[in-house]
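S.K.: Provided below are the primary sequence and the corresponding predicted coordinates.
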Amino acid sequence: MEKSKWPPGDLVIWIFIMAELLVFGIFFAAYAFTRANHVELFNTYQATLDRNAALINTLALITSSYFVVRAVAAIKMDDSRKCFQWLLAALFMGLVFLLVKGIEYQHHFSQGISLSTNTFYMFYLSMTFFHFLHVILGMVILIAVALKARAGGYSARQHDGVETGASYWHMVDLVWMVLFPLVYVMN
Amino acid sequence: MKYQSQKVAKLYFIAAIGLFVGQILFGLIMGMQYVVGDFLFPEIPFNVARMVHTNLLIVWLLFGFMGASYYLVPEEAETELFAPWLAHLMFWVFLAAGAATILAYLLVPYAALAELTMNDLLPTMGREFLEQPTITKIGIVIVVLAFLFNIGMTILKGRKTVVNLVLLMGLTGLAVFFLFAFYNPTNLVMDKYYWWWVVHLWVEGVWELILGSILAFILIKTTGVDREVIEKWLYIIIAMTLITGIVGMGHHYYWIGAPEFWQWWGSIFSALEPIPFFMMTVYAFNMVNKRRRNHPNKAAVLWALGTAVMAFLGAGVWGFLHTLAPVNYYTHGTQITAAHGHMAFYGAYVMIVLGMISYSMPLMRGRELCNSARSQSLEMWSFWLMTISMVFITLFLTAAGILQVYLQRFSDNPMDFMVVQDKIALFYWLREITGVIFLIGLIVYIASFFIGQDEPEATVEPLK
């Protein structure tokens, strides 16, 4: 195997990832500062969130990240078929995430909760929904990579695309790893 | 110039420059009225001068974008324009409608114009930037649809490049968002809410795609850098633009009665709007540094680099200055806004249109690659005159704005609006003087089309 280059994937995706992390970072900071001024409000409404659902989703994303790692490993061994299959598995876990999160949203909306209900819900809905959109975008990218992998578009020598998609997907996962404790657990 | 039909762009560019002159003249009239209140009254009241100044800006930029598209799309698609006759016809329709509307602003009282054009049948008039009579708005829609059809069909029948597709996306967005000019709900909050979708989703969203693709085209042509590299940057820039710009536009929703979450959404997303502009600056300089050849059209390269820098400063930095809700609480609608508006429009949209004219006009006028050294030297003089005076206009307005915010809204004993206006008059005078220098720059710019035309083309040392 040739020496891995740094950073993996296309450099441009890293610029994009950094910009995305900056957006989330500002959101997290704003959340933290606002919470400091409304600790009681935040603690009260945090208790209404479904931690089990969020835990399932955390596991779903970690697992999917693992599958993506296996996909990259597979293509490095020149195994396009395995790469495709691991990507499918990762996509399935992404789907699980969307489904669980969708049920959570449905529950909130049925109770008439909206962005204007209070500051906690404003942050909770904005940040998780913005992340939700990123899961969808990440899945679109993984689908594109998976289709190209199935068509034999990557090889052990040339698999920048797989690494690019994987990097983006890990970013989506990483953001959730911060979101989950920050919004659901810490009080 | 590779395709005959590209030449239709020339008409559009000439009209654009003509209207640009008009815009600046009315800007100067209005700038004078800031300090000499009854200047040219009652012939040209302030509100009319302002309307003409802003409307002309938008119309000439539209002419510029259309011209740029008619030039760039056939070359990228590697085919003649789908219907050159339609492009010609629409030019005259647009020019006639535009000229008639401006004349009507100047000659007929606004209320009478509304009555004359039967505004009550479908009321759309009376809102900032959307003052045009309904019939003119319908005309704009027809012209833009015909233009989109022409451009779209050309792209369909030819090579599909990223530059063309991004441009088409931007132009389609332009057309779609203009339709909100016809939506005029009676609820004032709703009215304002959608009003922002027209000009401001343009400048913070879809127009940036137009800017990005024209800039990419100029860079591909003048630097000889691989298309793939430039396209990759373009993708990332437009993705960031759309993510930050569309929601970031919510920074206009802070105080109009929209839900409170907009103060968060607007602040956070718009605070990131400078990022795509910064990327554009980095990318433009990077591409020029990595150039495979020295292009003899130095003026065009100067405009391309200039637009990247000035758009970042004007739209990015000066936008960020007052975009956070707690800051905007004090600065909303002051001269800070005017400072930002001037430099952003000049940096992002005026300069890119002038850059495209600079690249393409010599070719359409029969040159091989570029104008003579003398013409280019004049053009570069005009670049610096206009750009530096715009920097100073922005600085003076910013100073005026800071004073205004302090005296009128922040100090312990806030003063009346008009009292404050008197106190900051010095800065208005300085702005007006700088405006005259801008006009001189514009005259030099126009002169560069005539002086040095009979001299041979400029040449450059080949890249070592």
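M.R.: On my side now, so go ahead. Residues are numbered from 1 along each chain as shown, chains lettered A, B, ... in the order given.
S.K.: roughly how far out does stretch B:395-407 sit from the chain middle?
M.R.: How far stretch B:395-407 lies from its chain's middle: 24 Å, per Cα atoms, centre = their mean, to the nearest Å.
S.K.: what do you get for stretch A:165-184?
M.R.: That offset, for stretch A:165-184, works out to 5 Å (Cα atoms, centre = their mean).
S.K.: Same check on stretch B:48-57?
M.R.: The chain centroid and the centroid of stretch B:48-57 are separated by 13 Å under Cα atoms, centre = their mean.
S.K.: cool, stretch B:303-314 as well?
M.R.: The chain centre lies 12 Å from the centre of stretch B:303-314; the measure is Cα atoms, centre = their mean.
S.K.: Can you point out the buried residues in it?
M.R.: Buried residues in stretch B:303-314, counted by 16 or more other Cβ atoms under 10 Å in any protein chain shown: B:303, B:304, B:305, B:306, B:307, B:308, B:309, B:310, B:311, B:312, B:313, B:314. Every C-beta, even on glycine, is put in place using the N, C-alpha and C of the backbone.
S.K.: Report all helices and strands that the helix or strand hosting residue B:67 contacts.
M.R.: Residue B:67 is part of helix B:46-77 when elements are defined by DSSP states H and E. In terms of contacts (3 or more Cβ pairs under 8 Å, 6 or more residues apart in numbering or on different chains; DSSP states H and E), helix B:46-77 is packed against helix B:9-35, helix B:84-107, helix B:134-157, helix B:162-178, helix B:207-223, helix B:351-364.
S.K.: same thing but 10 Å
M.R.: helix B:9-35, helix B:84-107, helix B:110-116, helix B:134-157, helix B:162-178, helix B:188-201, helix B:207-223, helix B:351-364 (3 or more Cβ pairs under 10 Å, 6 or more residues apart in numbering or on different chains; DSSP states H and E).
S.K.: Now render those helices as CSV, adding distance to chain A.
M.R.: Compiled in CSV, the helices and strands packed on helix B:46-77 are given as follows (distance: least, Cβ to the nearest Cβ, whole Å):
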stretch, distance to chain A
helix B:9-35, 31
helix B:84-107, 35
helix B:110-116, 37
helix B:134-157, 22
helix B:162-178, 13
helix B:188-201, 14
helix B:207-223, 14
helix B:351-364, 22
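S.K.: could you redo these as TSV and give each row mean pLDDT, distance to residue B:46 and mean neighbour count?
M.R.: As requested, those are exported to TSV (pLDDT from 0 to 100; distance: least, Cβ to Cβ, whole Å; neighbours: other Cβ atoms under 10 Å in any protein chain shown):
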stretch	mean pLDDT	distance to residue B:46	mean neighbour count
helix B:9-35	98	5	21
helix B:84-107	97	13	17
helix B:110-116	96	13	14
helix B:134-157	97	22	18
helix B:162-178	97	27	20
helix B:188-201	95	20	17
helix B:207-223	97	27	26
helix B:351-364	98	27	26
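S.K.: Could you save these as a markdown table and add columns showing distance to residue A:137?
M.R.: Listed next are those as a markdown table, based on distance: least, Cβ to Cβ, whole Å:
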| stretch | distance to residue A:137 |
| --- | --- |
| helix B:9-35 | 36 |
| helix B:84-107 | 37 |
| helix B:110-116 | 46 |
| helix B:134-157 | 26 |
| helix B:162-178 | 17 |
| helix B:188-201 | 21 |
| helix B:207-223 | 18 |
| helix B:351-364 | 29 |
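S.K.: So which of those is nearest residue B:124?
M.R.: helix B:134-157 (4.8 Å; Cβ to Cβ).
S.K.: The closest residue to chain A within the stretch 301-450 of chain B: neighbour count?
M.R.: As assessed by Cβ to the nearest Cβ, chain A sits closest to residue B:324 within the stretch 301-450 of chain B, at 10.6 Å. Neighbourhood size, residue B:324 [other Cβ atoms under 10 Å in any protein chain shown]: 18.
S.K.: Nearest residue to it in space, ignoring adjacent ones along the chain?
M.R.: Ranked by Cβ to Cβ, 6 or more residues apart in numbering or on different chains and with sequence neighbours excluded, the top spatial neighbour of residue B:324 is residue B:267, at 4.9 Å.
S.K.: Model confidence score at that neighbour, please.
M.R.: Looking at residue B:267, its pLDDT reads 95.
S.K.: my guess is it meets residue B:252, correct?
M.R.: No: the pair residue B:267 / residue B:252 is not scored as a contact, 11.8 Å apart, by Cβ atoms under 10 Å.
S.K.: Common neighbours of these two, please.
M.R.: Common neighbours of residue B:267 and residue B:252 (criterion: Cβ atoms under 10 Å, 6 or more residues apart in numbering or on different chains): B:323, B:328.
S.K.: re earlier: run through the neighbouring helices and strands of the helix or strand hosting the residue nearest to residue B:324.
M.R.: For residue B:267, the element it lies in under DSSP H and E is helix B:261-271. When contacts are defined as 3+ Cβ pairs under 10 Å, 6+ apart, helix B:261-271 sits against helix A:11-37, helix A:119-150, helix B:227-248, helix B:318-320, helix B:325-331.
S.K.: now these in CSV, with mean pLDDT, mean neighbour count and distance to residue B:192?
M.R.: Shown next, in CSV, are the helices and strands packed on helix B:261-271 (pLDDT from 0 to 100; neighbours: other Cβ atoms under 10 Å in any protein chain shown; distance: least, Cβ to Cβ, whole Å):
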stretch, mean pLDDT, mean neighbour count, distance to residue B:192
helix A:11-37, 91, 16, 25
helix A:119-150, 96, 19, 21
helix B:227-248, 92, 20, 17
helix B:318-320, 97, 21, 20
helix B:325-331, 97, 17, 15
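S.K.: Any chance of TSV for the ones you listed, columns distance to residue B:284?
M.R.: Output for the helices and strands packed on helix B:261-271, formatted as TSV (distance: least, Cβ to Cβ, whole Å):
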stretch	distance to residue B:284
helix A:11-37	15
helix A:119-150	27
helix B:227-248	9
helix B:318-320	19
helix B:325-331	29
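S.K.: Residue B:213 is nearest to which of these?
M.R.: Of all the helices and strands packed on helix B:261-271, the one in closest proximity to residue B:213, counting by Cβ to Cβ, is helix B:227-248 (6.9 Å).
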